[in-house]
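> predicted coordinates and the sequence they were generated for:
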Amino acid sequence: MNVLVIGDGARAHALCWKLSESPVLEELFCAPGNTGVGLIAECVPISLKAVHTIAAFCEENDIDFIIVGTTHTMSIGLVDMLNRNGFPTFGPDMGAVKLETSKAFAREICQNGKIPMAKSVRFTDEASAKAHMEGSELPVVIKGDVPVNGSCVAICKTKDEANAAIAAHFAAGDLEIFVEEFLTGPEVSYCAVSDGHIVLPMTSATDDWDPEGPGLYRGSLSPAPAVTPEIEKQIIQKIMRPTVTAMKAARRPFKGLLNARIILTAEGPKVIDYKVRFSDPEWQAIVLRMDGDLIPALISSYDEMLERFDPFRWQPGSAAVLTMRAEGSKATTENIGIAIDTIEAEDDDIVVYRANDEKELNITASGTDLADVRKRLYAAAKRVLDLVR
């Protein structure tokens, strides 16, 4: 079959890397892709916003299945349009993508589904939010309903910090904000595939995996060490399945990849927010552990046939990713490519995924000894910098 991936970052590279192993695959395309993707798929120079051009490409190239990997492209209706025109597409439609793009909607789904989450209060004006801070316990989390003009989540340890964050959100154009309790405990993410009715669990990941590292990079580890089999069971039963059920009840059935960011509190797992896509950098670690063909699960999501699909299989041990930048005047596309080829040849367990600006690299490795994985990742990152320089 002919498959088209929509995306340009490291997660698109990792997805294409995994899809390329499938025995059912004939041709693999990626729009627009990047240099790393171009080694395993045919990159198509189409903008992520050009929905009608993407549809025309699918028609002209007999595309059998499309995987949409960016929230923005989902939000402007690409999944809806492709499915409406007879092109089977993996990913949530415009109704379901709101689970990521609107904090207010996500809270409504959690309330309706009795899904545990952080307590919060909603405000539509700056004065009321600041007045609320007079009696609030600290620290607090300040977040807007949707990201506006670069506004982001702020963890505030003092009232002055909270008031400044509140003012910044409204100044940036936020129409409403949430003052949310600060949850304590390990932060993890959990992924699953849904067909709108049932959930096919995947696995966990965490960004907080190397507290003793040099602090030069961000990264991710899968599975998250704090997610024991019992906690994973709680996450599936109390968060993932109720989310899909609540979305169905809201007449916004969720079909695609469901990714919940969770704090493992003393009272149990609680949701911080959701993502509705393959997410950086945890997806790069997850895909390295995955055994078997990914395509049948994604097609089963579209066909609403996941009940017939066997559980995902995982390689033993862990996989980790370091995200780094190869900076400097000598960090050309060619030199970076040579450095990647060298470290992958020196350690055949190392896989490097590239982001769309070409200088951001996601270096991954797997193994049963996490200390060894960590050592090899940092050695590979240093080797890249040395080779580029």
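That came in fine, so what should we check first?

> so what does the lengthiest helix in the chain touch, helix or strand wise?
Determined from DSSP state H, the single longest helix within the chain is helix 370-388. In terms of contacts (3 or more CB pairs under 8 Å, 6 or more residues apart in numbering; DSSP states H and E), helix 370-388 is packed against strand 318-325, helix 333-346, strand 360-367. (C-beta placed from N, C-alpha, C; glycine too.)

> could the ones you listed be laid out in CSV, adding mean pLDDT and distance to Thr228?
Shown next, in CSV, are the helices and strands packed on helix 370-388 (pLDDT from 0 to 100; distance: least, CB to CB, whole Å):
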stretch, mean pLDDT, distance to Thr228
strand 318-325, 91, 14
helix 333-346, 89, 33
strand 360-367, 92, 20
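
> tabulate those (JSON lines), appending mean neighbour count and distance to Arg122.
Formatted as JSON lines, the helices and strands packed on helix 370-388 follow (neighbours: other CB atoms under 10 Å; distance: least, CB to CB, whole Å):
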{"stretch": "strand 318-325", "mean neighbour count": "24", "distance to Arg122": "34"}
{"stretch": "helix 333-346", "mean neighbour count": "16", "distance to Arg122": "45"}
{"stretch": "strand 360-367", "mean neighbour count": "24", "distance to Arg122": "35"}
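
> before we move on, back to that, got the buried residues for the longest helix of the chain?
Neighbour-count burial for helix 370-388 flags 370, 373-374, 376-381, 383-385, 387-388 (criterion: 16 or more other CB atoms under 10 Å).

> then stretch 80-98?
80-83, 87, 89-94, 96-98.

> identify the farthest-apart pair in these.
Phe87 and Lys98 (22.5 Å; CB to CB).

> kindly reformat the helices and strands packed on helix 370-388 as JSON lines containing distance to Asp291.
Shown next, in JSON lines, are the helices and strands packed on helix 370-388 (distance: least, CB to CB, whole Å):
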{"stretch": "strand 318-325", "distance to Asp291": "12"}
{"stretch": "helix 333-346", "distance to Asp291": "21"}
{"stretch": "strand 360-367", "distance to Asp291": "12"}
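
> and the helices in this structure?
10-19, 51-60, 71-75, 78-84, 98-101, 103-112, 126-133, 159-172, 229-235, 241-249, 282-289, 295-303, 333-346, 370-388.

> and for Lys143, nearest residue in space, chain neighbours not counted?
Val153 (4.5 Å; CB to CB, 6 or more residues apart in numbering).

> next, the buried residues of the longest strand along the chain.
When the chain is parsed with DSSP state E, its longest strand is strand 255-265. If you call a residue buried by 16+ other CB under 10 Å, then strand 255-265 has these buried ones: 255-264.

> export these to TSV and tack on pLDDT and distance to Val244?
Below are these laid out as TSV (pLDDT from 0 to 100; distance: CB to CB, whole Å):
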residue	pLDDT	distance to Val244
Lys255	97	9
Gly256	97	11
Leu257	97	12
Leu258	97	7
Asn259	96	13
Ala260	96	11
Arg261	95	17
Ile262	96	16
Ile263	96	21
Leu264	97	21
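
> ok, of those, which one's closest to Leu183?
The closest of the buried residues of strand 255-265, once distances to Leu183 are taken by CB to CB, is Ile263, at 4.1 Å.

> excluding chain neighbours, what is closest to the closest one?
Spatial nearest neighbour of Ile263, excluding adjacent residues (CB to CB, 6+ apart): Leu183 at 4.1 Å.

> list the contacts for that neighbour?
Shown in contact with Leu183 (CB atoms under 8 Å, 6 or more residues apart in numbering): 118, 263, 265, 270, 272.

> now with 10 Å, please.
With contact taken as CB atoms under 10 Å, 6 or more residues apart in numbering, Leu183 is in contact with 117-119, 141, 262-267, 270-272.

> among the helices and strands packed on helix 370-388, which comes closest to Arg241?
Arg241 lies closest to strand 318-325 among the helices and strands packed on helix 370-388, at 25.7 Å (CB to CB).

> quick check: closest non-adjacent residue to the residue nearest the centre of the chain.
The C-alpha lying nearest the average C-alpha coordinate of the chain belongs to Ser279 (CA atoms, centre = their mean; 1.5 Å). Of all residues not flanking Ser279 in the chain, Asn259 sits nearest, at 5.4 Å (CB to CB, 6+ apart).
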